[in-house]
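**Student:** kindly generate the corresponding structure for this input.
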Amino acid sequence: MKTRREFCLRSCQAATLAIFGSSLATILEGCGSDNPMDSSGGNIARIQASIVNGTITLTIDANSPLAAVGSAALVQASNSSFLVARTAPDTFTALTAICTHQACTITGYNNQIYTCPCHGSQFNTNGRVVRGPATNALRTFQTQFASNQLIITV
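**Tutor:** Numbering: from 1, shown residues only. The predicted structure is shown next:
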């Protein structure tokens, strides 16, 4: 038979566990999902490129992941990653692909919104935060487009 002391000890432990468990669930909920497919859309197309004299030059033809307005790609060049979106027939945006929250590489893109796979931060194609936990915008880079050549100045 349990003593009153054992009963009180077990009751306090159970109450503490219940309070801590619900608090932990709330804290973890704020971190978002670690699965890049949860709320991030599909994984973004990838393009390998080179940086030469501070610029990246991409050919945009019918086979390019950037051929259609509204499309986007993760451009990887010289150990750097950039998010590039085609926002109009002759207009592109280029952003750093490194999330300002905890420096994860952003790999999700859906409906003109980039999503970080680590904690769910979302950014529009201009780099502005549309959903945290990130609070700072992504760095932008100048783009020029002519004769099917996109030039990104980094």
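**Student:** pLDDT weak spots in the protein?
**Tutor:** The chain contains residues with pLDDT under 70 at 1-42.
**Student:** so where do the strands sit in this protein?
**Tutor:** 42-43, 45-49, 51-52, 55-59, 72-77, 80-88, 91-96, 108-110, 113-115, 122-124, 129-131, 140-146, 149-153 (DSSP state E).
**Student:** can you give the strand pairings for the fifth one, parallel or anti for each?
**Tutor:** In the sheet, strand 72-77 lines up against strand 45-49 (parallel), strand 80-88 (antiparallel) (DSSP bridges).
**Student:** what are the buried residues along the shortest one?
**Tutor:** Spelled out, that is strand 45-49. Across strand 45-49, burial judged by 16 or more other CB atoms under 10 Å covers Ile47, Ala49. (C-beta placed from N, C-alpha, C; glycine too.)
**Student:** pop the domain breakdown of this protein in here.
**Tutor:** 1-30, 42-153 (automatic domain parsing).
**Student:** most neighbours per residue, which of those domains?
**Tutor:** domain 42-153 (a mean of 17; mean count of other CB atoms under 10 Å).
**Student:** ok, back up a step: pipe the strands of the chain into TSV and attach distance to Leu66 per row.
**Tutor:** Below are the strands of the chain laid out as TSV (distance: least, CB to CB, whole Å):
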stretch	distance to Leu66
strand 42-43	15
strand 45-49	8
strand 51-52	18
strand 55-59	7
strand 72-77	5
strand 80-88	5
strand 91-96	7
strand 108-110	12
strand 113-115	14
strand 122-124	17
strand 129-131	22
strand 140-146	10
strand 149-153	7
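**Student:** any idea how far Ala146 is from Ala97?
**Tutor:** Separation of Ala97 from Ala146 (CB to CB, to the nearest Å) stands at 24 Å.
**Student:** an error on my part: the question was meant for Thr55.
**Tutor:** From Thr55 to Ala146 the distance is 13 Å (CB to CB).
**Student:** what's the answer for Leu66, then?
**Tutor:** 15 Å.
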